[in-house]
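Novice: One predicted model, sequence on top.
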Amino acid sequence: MMTVTPPASADDSTQGARLHRQALTLARAGKFTPALAILEKLRARYPRRSEYLYDYIAVSGWAEHDDTVLHYLPQLNLLETPAYVLETLGKAARNKKRYLLAIDLYRRNFPDTRNVCRGHWVWRWRSRIWVKPKRPWPC
C-alpha cells in the first residue's frame, strides 16, 4: 500500500519562512547551536528547498564547523551555488589546509580573477602552479 503525503499548505510554508527568519536572526546574534537545529529541521521537512541547505552551510561556517561545511560539498551543484556559500566552502577548505580546493572554490566565486597574488608569487589558474613574474605583478 502506498502512502500519499498531502501537499504543503500555505500555512505550512508560512511557518517554514517564519522559522527560517528566526534561525537567521539567532545566527546573526551568535547563537549558532539553536539556529543550526532550526535549519536542520527545515532541511528535513523541506528537502527540495536549497536555501535551507545553503543557510545551514553558511551558519556552520560562522560557527567554524569546517568539517560539517565540507561534508555537504559533494551534494552541491557548484554552478548553481550562491556566492556566499562558495565563500564559506572556500574558507572551510582553507582552514582545513586543503588549499587547492579553496582556490578552486574562490575562483568559482570570482571567475574574472585569473591570477591571485601572494607576496611576489602569482598563482596561474590554468597550469595550477605558483610562478614568480619577470616584472612586479600589481596586486
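Specialist: Perfect, thanks for sending it.
Novice: What about the nearest residue to residue 76 once chain neighbours are set aside, how many residues nearby?
Specialist: Spatially, and ignoring its direct neighbours in sequence, residue 76 is nearest to residue 85 (7.4 Å; C-beta to C-beta, 6 or more residues apart in numbering). In short, each C-beta sits where N, CA and C put it, glycine included. Residue 85 has 26 neighbours, counted by other C-beta atoms under 10 Å.
Novice: Check residue 23 too.
Specialist: 24.
Novice: OK, contacts around it?
Specialist: By C-beta atoms under 8 Å, 6 or more residues apart in numbering, the residues touching residue 23 are 34, 35, 36, 38, 39, 42, 55, 59.
Novice: Using PDB, write down the CA coordinates of the strand or helix carrying the second one.
Specialist: Assigned by DSSP states H and E, residue 35 falls within helix 32-45. Backbone C-alpha positions of helix 32-45 (Å, rounded to 0.1, in the frame of the first residue of the first chain) are rendered in PDB as follows:
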ATOM      1  CA  PHE A  32      24.700  29.100  16.300                       C
ATOM      2  CA  THR A  33      23.500  25.900  18.000                       C
ATOM      3  CA  PRO A  34      19.800  26.700  18.100                       C
ATOM      4  CA  ALA A  35      20.000  28.300  14.700                       C
ATOM      5  CA  LEU A  36      21.600  25.100  13.200                       C
ATOM      6  CA  ALA A  37      18.900  23.000  15.000                       C
ATOM      7  CA  ILE A  38      16.100  25.000  13.300                       C
ATOM      8  CA  LEU A  39      17.800  24.900   9.900                       C
ATOM      9  CA  GLU A  40      18.300  21.100  10.300                       C
ATOM     10  CA  LYS A  41      14.600  20.700  11.000                       C
ATOM     11  CA  LEU A  42      13.700  22.900   8.000                       C
ATOM     12  CA  ARG A  43      16.000  20.800   5.800                       C
ATOM     13  CA  ALA A  44      14.400  17.600   6.900                       C
ATOM     14  CA  ARG A  45      10.900  19.000   6.400                       C
END
